[in-house]
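Undergrad: compute the structure for the input listed below.
(2 chains)
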Protein chains: 2
Amino acid sequence: MVATPIGNLGDITLRALETLKLVDALLCEDTRVTSRLLAHYEVKRPLISCHEHTDDAKLGQIIDRLRQGESFAFVSDAGTPGLSDPGNKLVSLALEAGVSVVPIPGVSALAALVSVAGISFSWISTT
Amino acid sequence: MVATPIGNLGDITLRALETLKLVDALLCEDTRVTSRLLAHYEVKRPLISCHEHTDDAKLGQIIDRLRQGESFAFVSDAGTPGLSDPGNKLVSLALEAGVSVVPIPGVSALAALVSVAGISFSWISTT
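TA: Prediction:
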């Protein structure tokens, strides 16, 4: 589960880029959106479409390939996957099948906002 | 305000690295911690210590240098700065002085956790 930028394309981590380059294929919501993203980072991997209308048979095939040792990265169109996209169903099936799932975290808009608010939050950590 | 990794050193964004290389100096809680971090990324910038015991006179000098056009990045020992570190006081003083403050976001442990929970959160976004 690899998080991708929401807005600024510089908001991707070294680990996310490394992972996208290492996997056998990328599972993505919209191959057009993800192919543009990969082109920006000069990453070339096969894309497999996996969205809310992907049927159980196809999800089963994906899980089978994972069990046979292939490695896939799941990305949503933008941001952290697995929230309001089909990623959570895939994660659930993968865990049932004994396939390990690793989160590659992305940026947090909330923490970014708080970091420039100029307000002390130290009372939270000291109580 | 530049977020740095909490655990895995690969969890830093391209934009954070670019910013650390571009600024005139880094304000940091502990110069030993931050110098180790910069060494890992092969970034060489002057370090200015800025922690909870930094007095108002020194903070004032920092603000003066910012007003004269210097650019500084503030980093905490790890994670997103400005939460439970002296960053929030500095942000507050900078904003009062009319100095612009830009957040460079970092990774979110919370979102990473949710992304591999295998639970559908779509009811949140569809209601």
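Undergrad: so what's the residue nearest to A:Leu14 when sequence neighbours are not counted up against?
TA: Once flanking residues are discounted, A:Leu14 sits nearest to B:Gly10: 4.6 Å by C-beta to C-beta, 6 or more residues apart in numbering or on different chains. (Glycine included, C-beta is placed from N, CA and C.) Listed by C-beta atoms under 8 Å, 6 or more residues apart in numbering or on different chains, the contact set of B:Gly10 reads A:13-15, A:18.
Undergrad: specify which member of those is nearest to B:Gly98.
TA: A:Thr13 (32.5 Å; C-beta to C-beta).
Undergrad: quick one: that closest one and B:Arg15 touch, right?
TA: No. Using C-beta atoms under 8 Å, A:Thr13 makes no contact with B:Arg15, being 10.0 Å away.
Undergrad: who has more neighbours out of those two?
TA: A:Thr13 (26 against 19; other C-beta atoms under 10 Å in any protein chain shown).
Undergrad: for A:Leu38, which residues are in contact?
TA: Counted by C-beta under 8 Å, 6+ apart, A:Leu38 has contacts A:20, A:26, A:44-45, A:47.
Undergrad: now it: phi and psi?
TA: phi -60, psi -40 (degrees, to the nearest 10).
Undergrad: quick check: it vs B:Thr4, distance?
TA: A:Leu38 sits 26 Å away from B:Thr4, taking C-beta to C-beta, to the nearest Å as the criterion.
Undergrad: A:Ala117 now?
TA: 19 Å.
Undergrad: okay, now A:Asp30: neighbour count?
TA: With other C-beta under 10 Å as criterion, A:Asp30 counts 13.
Undergrad: what secondary structure does the residue nearest to it when sequence neighbours are not counted sit in?
TA: Excluding the flanking residues, the one nearest A:Asp30 by C-beta to C-beta, 6+ apart is A:Asp77, at 5.6 Å. Using DSSP: H, G, I helix; E, B strand; the rest coil, the three-state assignment for A:Asp77 comes out as coil.
Undergrad: what do you get for A:Asp64?
TA: helix.
Undergrad: same question for A:Leu83.
TA: With three-state DSSP as the criterion, A:Leu83 reads coil.
Undergrad: what distance do you get for it to A:Ala3?
TA: 10 Å.
Undergrad: please identify which of these two sits among more neighbours.
TA: A:Ala3 (28 against 19).
Undergrad: that one is in contact with A:Ile104, isn't it?
TA: Yes. Using C-beta under 8 Å, A:Ala3 makes contact with A:Ile104 at a distance of 6.2 Å.
Undergrad: quick one on the thing from earlier: adding pLDDT and neighbour count, write the contacts of A:Leu38 out as a markdown table.
TA: Shown next, in a markdown table, are the contacts of A:Leu38 (pLDDT from 0 to 100; neighbours: other C-beta atoms under 10 Å in any protein chain shown):
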| residue | pLDDT | neighbour count |
| --- | --- | --- |
| A:Leu20 | 98 | 22 |
| A:Leu26 | 97 | 24 |
| A:Lys44 | 96 | 10 |
| A:Arg45 | 97 | 17 |
| A:Leu47 | 98 | 16 |
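Undergrad: among those, which ones are in strands?
TA: Judged by DSSP state E, the contacts of A:Leu38 include A:26, A:47 as members of strands.
Undergrad: that's a helix at A:Ala39, yeah?
TA: Yes. Counting by three-state DSSP, A:Ala39 is located in a helix.
Undergrad: report how many residues lie close to it.
TA: 10.
Undergrad: quick check, pLDDT for it.
TA: pLDDT, A:Ala39: 97.
Undergrad: now it: how far from chain B?
TA: 16 Å (C-beta to the nearest C-beta, to the nearest Å).
Undergrad: what do you get for A:Gly69?
TA: For A:Gly69, the distance to chain B - C-beta to the nearest C-beta - is 20 Å.
Undergrad: surely that residue is in a strand?
TA: No. Under three-state DSSP, A:Gly69 sits outside any strand and is assigned coil.
Undergrad: number of nearby residues for it?
TA: 8.
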